[in-house]
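Q: Quick one: sequence and predicted model below, then my questions.
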Amino acid sequence: MKQKKNSAFHWILRFAAQCRGKMVLSVLLAVAGAFCGIVPYFAVSRIVILVCGRQYKLAPIALWVLIALLGYLGSTWFGTASTMLSHRSAFTILKNIRTELTGKLARVPMGYILDTPSGKFKTMLVDTVEKLELPLAHMIPELTANILVPIFMLAYLLVLDWRMALISLITIPIGLVCYMGMMKDYEIRYNRVLDAGKNMDAAIVEYIGGIEVIKAFNQGTASYAKYTDAVKENQAAKATWFRQTNGFYIAGIAIMPSCLLGVLPLGAWLFQRGSITAPVLITCVILALGLVSPLIQALRYTDSLAMVDSTVREIAGLLEAEELHRPAQPVRLDSSNISLRDVSFGYGDQEVLHRVSFNVVPGGMTAIVGPSGSGKSTVARLIASFWEADSGAVELGGVDVRNIPLSQVMDTVAYVSQDNFLFHLTVKENIRLGRPDATDEEVFAAARLASCHDFIAALPQGYDTLVGDGGGSLSGGERQRIAIARAILKDSPVVVLDEATAFNDPENEAVIQASINQLIQGKTLIVIAHRLSTIVHADRIVVLNYGQVEALGTHEEFLEDCPLYWELWNAHISAKDTGEGDLQ
């Protein structure tokens, strides 16, 4: 369902639900530490007053030195404790964000994931989320302290002498005017910097992922336009940002601390007139030195605030994406029969399936064939609930799948494609993904049925061998057999094979076909295949063309009365004969 749009502040509170107490305590400790940091200023002012009054006794001076030391130690201790709590809170928030993001990816339609570059998800889950750590750990407690402490210092200065208090603030509005110049079109310019950085990260991930192709065709970095353009835009965005903001920033940071330019002349004039005593003058001068510094530090969080807002809104964009419309409670299914009723579906504005209707043969093989782009794989993925139909219904056991929990559909339907992904885990752990509670013996039995036990046993560590990133240390056929073993272990009543036997190696294909025969025993089978020789014995064949059902029947019937199927069959036989000729 469509998620309600929330503010960045709302999302941060939601992510911080487990650690709000720690965050509040962190802020309180930061404020306490900041107040302790003021103590040395008061102590120094008292020492100067004593010295100017020619009171050179060691005891009172030593007392104020001790107070200054205790203030410094208190500032250090409270600041350290606040930082520890804020970092723990920040790491909890990052964990909650990543947990919600990965959970969300399991609930959105597969089309949303496939239409988004994988580099963008990697950048969001790793880099974008990580950028929140420092601002969340430092900004909340330190920003609070850096604002409250000057307020209380100013209040004390007003008590001492309102004229000195006001003159100590005279450089602040001038400095803020400089900052206002920096804020012109701030959001637009800063968003360009953030977007450029994210696009560059995504382009780098894509570049590394395609490095094999780049090397194979002798293409250097300069020829990879998307990568180089992203890097250049990142450099240009940051250069423009610094060029347009640094002048204002430097002016502001130079002017704001110059409060003594007003405090010293006015203080000296008031002292000469007898309107202010020496102790008050000294205290006001020293406190004025510590008044502006926290405010400057608070202003430095401007970029952090903008970055947090932009980052949280980007994260919220995924968390608020439309989900699959599924209930939470399992429903009763009388069978595992599959039916499509007037199903239409499109990618974006382009409809690719138009009122498709057919029944899958219960306990038998139903093959779906057709020219490239006819919608075969789309039908398979709709059955597996990777997407939801725009109109019509996909029914499982007589129930619209939109009324069945996604987890229940996943338990009922096993989906095996040509390129099943293997995780960077051991072979045993990759097979056990089919049923996490399976014993080792059940894993071994599934591997034997999938004809992969022998080659697994020959691996350096056998079933405990790591398969590499994406299963890169194994051949395509080996990865496929492990994926089939995983599906055998899952033991779902419905099996969808999406081009699962599309290999050029006849010997390897024969082994995989034998593995599939073990997988489908007693199951309802739906096969998407280019190689028509693998489905000649199918109980029912569905011929798709331009996203519509052109014919329903069997292989023998189609050779007699379906011109499109006859063309596909002849093309398959011709290609097969050519391949055999090439091998001889």
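A: Everything's here; your move. Numbering: from 1, shown residues only.

Q: separation between the nearest residue to Leu305 once chain neighbours are set aside and Ile488?
A: Among residues not flanking Leu305 along the chain, Met139 sits closest, at 7.2 Å (C-beta to C-beta, 6 or more residues apart in numbering). From N, CA and C alone the C-beta is placed, and that goes for glycine too. In this view, Met139 and Ile488 are 52 Å apart by C-beta to C-beta, to the nearest Å.

Q: Could you check the pLDDT of the residue nearest to Leu305?
A: For Met139, the model assigns a pLDDT of 77.

Q: And the strands in the stretch 451-584 of the chain?
A: 494-498, 524-528, 540-545, 548-553 (DSSP state E, counting those that start in this stretch).

Q: how about these, which one is nearest Ser89?
A: Ser89 sits nearest to strand 494-498 of all the strands of the stretch 451-584 of the chain, at 44.9 Å, using C-beta to C-beta.

Q: Note down every partner strand of the closest one and its orientation.
A: strand 413-417 (parallel), strand 524-528 (parallel) (DSSP bridges).

Q: in that strand, what counts as buried?
A: Neighbour counts over strand 494-498 (16 or more other C-beta atoms under 10 Å) mark Val494, Val495, Val496, Leu497, Asp498 as buried.

Q: Looking at those, spot the one nearest Leu564.
A: Asp498 (20.6 Å).

Q: just to revisit the earlier point, ok, of the buried residues of strand 494-498, which one's closest to Arg189?
A: Asp498 (46.4 Å).

Q: Contact partners for Ser293?
A: Pro257 (C-beta atoms under 8 Å, 6 or more residues apart in numbering).

Q: Retrieve the pLDDT associated with it.
A: Reported pLDDT for Ser293: 74.

Q: Reformat the strands paired with strand 494-498 as TSV; add distance to Glu100.
A: Converted to TSV, those look like this (distance: least, C-beta to C-beta, whole Å):
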stretch	distance to Glu100
strand 413-417	25
strand 524-528	34
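
Q: Which stretch among those is buried most, on average?
A: strand 524-528 (a mean of 24; mean count of other C-beta atoms under 10 Å).

Q: coming back round to it: neighbour count: Met139 and Ile488, which is higher?
A: Applying other C-beta atoms under 10 Å to Met139 and Ile488 shows that Ile488 carries more neighbours, namely 28 against 21.

Q: Does Arg341 lie in a helix or a strand, and which?
A: strand 338-347 (DSSP states H and E).

Q: Partner strands of that strand and their direction?
A: Counting by DSSP bridges, strand 338-347 is paired with strand 350-359 (antiparallel), strand 391-396 (antiparallel).

Q: what about the last one, distance to the chain center?
A: The reference is to strand 391-396. Computed by C-alpha atoms, centre = their mean, to the nearest Å, the chain-centroid distance of strand 391-396 equals 31 Å.

Q: tell me which residues in that strand are buried?
A: Gly392, Ala393, Val394, Glu395, Leu396.

Q: Point out where the stretch 451-584 of the chain drops to low pLDDT.
A: Residue ranges of the stretch 451-584 of the chain with pLDDT under 70: 469-472, 500-510, 512-513, 519, 575-584.

Q: can you check the stretch 201-350 of the chain too?
A: 209-224, 302-303.
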